[in-house]
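Asks: Structure of the sequence below:
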Amino acid sequence: MQLSRKLILTSFSVLFFLYLLIHSYSASTKDKPANLNEFLTDLTWLDDWPRWLDIPLQQWTNDAIKSLVQTYGYIFDSINSGLLGVVVGLTKFLTSVPWPLVVIATMAIAYFLSGRKVGTTVLVTFCMFFIGFLSPKFWDKSMQTLGVMLISIFICILIGIPVAIAMSRNPRFRNAVLPILDLMQTIPSFCYLIPGIMLFGLGAVPAIIATVIYAAPPLIRLTDLGIRLVDEEVIEAAESFGASPWMKLTQVQIPLALPTIMQGINQTTLMALAMVVIASMIGTRGLGDEVLLGLQQLNVGRAAEAGIAIVLLAIVMDRITQAYGDRLQQRKKKGKI
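Replies: The predicted model follows:
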């Protein structure tokens with residue numbers, strides 16, 4: 001059975017490659033050999049890549065995007081309106097809350113999630129305070145950035161964890177998704193913005209979509225890994241007590257995999273913040289604006305201040321998620337999870 005699947009996959013790959021060669025040759029009008037004899041005797045095509053072997057991927061991609069916009073434009077408009085409303089609402093809320101309350105709330109979250117670690121709490125509180133201390137205008141911009149990043153991270157969790165669960169339960173699905181994750185992580189993030197702008201327009205929404213594509217893979221990979229690393233003996237014990245597949249997943253596998261899942265959320269958070277400056281290029285408000293303006297004006301000080309503010313915000317989110325993950329890990333070792 002395994003051999004037949006490999007044979008089918010190999011045959012499909014060969015046929016697809018032959019189709020690309022034939023299509024490229026038939027569609028090209030650039031110096032292609034007239035017949036097989038000319039192809040075998042005139043070997044100049046070995047010196048440089050032959051022009052008639054040119055797959056029109058650019059045209060295919062543009063046609064696909066245009067078709068999507070024309071056929072399903074109303075769906076993308078609805079998604080854009082919904083996400084934009086959430087972004088605007090969350091940003092207004094964060095910027096309207098007095099800054100001392102935000103600092104106190106962050107301090108309380110860090111204190112309780114870290115397991116009452118004073119060092120982590122002091123570091124997080126200092127970083128939040130120092131963002132505004134760098135420049136008063138950075139506070140509102142940091143809240144704008146935080147709003148976009150929180151929505152992006154939430155969407156990553158909403159999509160990533162179910163995909164990871166499906167991967168852990170189905171090896172075939174996992175083998176199909178892994179190359180897609182590799183593609184999401186290796187394609188330059190600028191490439192996500194162009195179709196995002198065409199589908200959703202300028203602003204925060206295409207930036208959120210690009211951020212989700214860029215930041216979701218670590219969460220998916222680590223969640224899948226965490227679930228698969230749960231001890232088989234524990235799963236067998238749950239089965240012996242009559243646990244259903246849903247009960248095994250929700251009451252055994254996910255709780256035991258929580259430390260690894262939190263590591264994935266931590267990595268996703270940092271990768272999302274790495275998109276701040278790129279997101280500002282398409283109209284997303286926040287700290288990335290200041291970095292971009294500093295670059296455009298060759299104002300090193302302005303760019304440095306905004307860069308430090310981004311780093312401080314990253315430290316806050318990293319310390320909170322990392323400390324909570326460490327706390328879960330300690331509880332797992334003590335057998336409390």
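Asks: And the next helix or strand past the lowest-mean-pLDDT helix or strand in the chain?
Replies: Of all helical and strand segments in the chain, the minimum by mean pLDDT, DSSP states H and E falls on helix 36-41, at a mean of 61. As assigned by DSSP states H and E, the chain's next helix or strand after helix 36-41 is helix 57-96.
Asks: which parts of that next one are buried?
Replies: 76, 80, 83-84, 86-87, 90-91, 94-95 (16 or more other C-beta atoms under 10 Å). Where you see a C-beta, it was placed from the backbone N, CA and C, and this is true even at glycine.
Asks: which strands and helices sit next to it?
Replies: Packing partners of helix 57-96 (3 or more C-beta pairs under 8 Å, 6 or more residues apart in numbering; DSSP states H and E): helix 137-169, helix 190-200, helix 204-228.
Asks: helices or strands up against the last one?
Replies: Spelled out, it's helix 204-228. With contacts defined as 3+ C-beta pairs under 8 Å, 6+ apart, the packing partners of helix 204-228 are helix 57-96, helix 137-169, helix 171-186, helix 190-200, helix 254-273, helix 276-280.
Asks: Would you mind confirming that F76 is in contact with F200?
Replies: Yes: taking contacts as C-beta atoms under 8 Å, F76 lies within contact range of F200: 5.9 Å.
Asks: and the gap between the residue positioned nearest the centre of the chain and L113?
Replies: Central residue of the chain (C-alpha atoms, centre = their mean): A215, 2.1 Å from the mean position. Counting by C-beta to C-beta, to the nearest Å, the gap from A215 to L113 is 21 Å.
Asks: returning to that earlier point: list the residues that contact the residue nearest to the centre of the chain.
Replies: For A215, the contact set (C-beta atoms under 8 Å, 6 or more residues apart in numbering) comprises 152-153, 156, 268-269, 271-272, 275.
Asks: low-scoring stretches of this structure, by residue?
Replies: Low-confidence segments of the chain (pLDDT under 70): 1-6, 9, 12, 16-17, 19-55, 332-337.
Asks: rerun that using 80 as the cut-off
Replies: Within the chain, the ranges that satisfy pLDDT under 80 run 1-60, 134-136, 189-196, 198, 201-202, 276-284, 325-337.
Asks: Now T106: closest residue in space that isn't a chain neighbour?
Replies: Leaving aside its chain neighbours, T106 sits nearest to M128 (5.0 Å; criterion: C-beta to C-beta, 6 or more residues apart in numbering).
Asks: Report the contact partners of the one you found.
Replies: 102-103, 106-107, 312, 316.
Asks: Next, give me the two most distant ones among those.
Replies: M107 and L312 (14.4 Å; C-beta to C-beta).
Asks: Neighbour count for the two, which is higher?
Replies: Per other C-beta atoms under 10 Å, whichever of M107 and L312 has more neighbours is L312, with 21 against 17.
Asks: give me the element the more buried one is part of.
Replies: If you go by DSSP H and E, L312 is part of helix 300-333.
Asks: got the angle for that helix vs helix 254-273?
Replies: Interaxial angle of helix 300-333 relative to helix 254-273 (axes from the mean of the first three to the mean of the last three C-alpha atoms, to 10 degrees): 180 degrees.
Asks: Sort out which residues of helix 300-333 are buried, please.
Replies: Buried residues in helix 300-333 (16+ other C-beta under 10 Å): 302-303, 305-310, 312-329, 332.
Asks: Could you do stretch 141-159 as well?
Replies: Buried, per 16+ other C-beta under 10 Å, within stretch 141-159: 141-153, 155-157.
Asks: Would you mind pulling the contact partners of that stretch?
Replies: By C-beta under 8 Å, 6+ apart, the surrounding residues in contact with stretch 141-159 are 83, 86-87, 90-91, 94-95, 102, 131-132, 204, 207-208, 211-212, 215-216, 219, 265, 268-269, 272-273, 275-276, 279, 284-290, 306, 309-310, 313, 317.
Asks: tell me the domain ranges of the protein?
Replies: 1-55, 60-333 (automatic domain parsing).
Asks: Between these, which shows the greatest average number of neighbours?
Replies: Highest mean neighbour count of those: domain 60-333, a mean of 17 (counted as mean count of other C-beta atoms under 10 Å).
Asks: what about the closest residue to N299 other than its chain neighbours, which helix or strand?
Replies: Nearest residue to N299 in three dimensions, chain neighbours excluded: L293, at 7.3 Å (C-beta to C-beta, 6+ apart). Using DSSP H and E, L293 maps to helix 287-297.
Asks: Now do that helix: distance to the chain's middle.
Replies: Taking C-alpha atoms, centre = their mean, to the nearest Å, one finds the center of helix 287-297 at 23 Å from the center of the full chain.
Asks: Please apply the same query to stretch 155-165.
Replies: Worked out by C-alpha atoms, centre = their mean, stretch 155-165 lies 11 Å from the chain centre.
Asks: Let me see the contact set for V163.
Replies: V163 sits next to 177, 220 when contact means C-beta under 8 Å, 6+ apart.
Asks: now do R302
Replies: 290, 293-294.
Asks: Same question for Q322.
Replies: Going by C-beta under 8 Å, 6+ apart, Q322 touches 262, 266.
Asks: if we go to 7 Å?
Replies: N266 (C-beta atoms under 7 Å, 6 or more residues apart in numbering).
Asks: Perfect, I'm done here.
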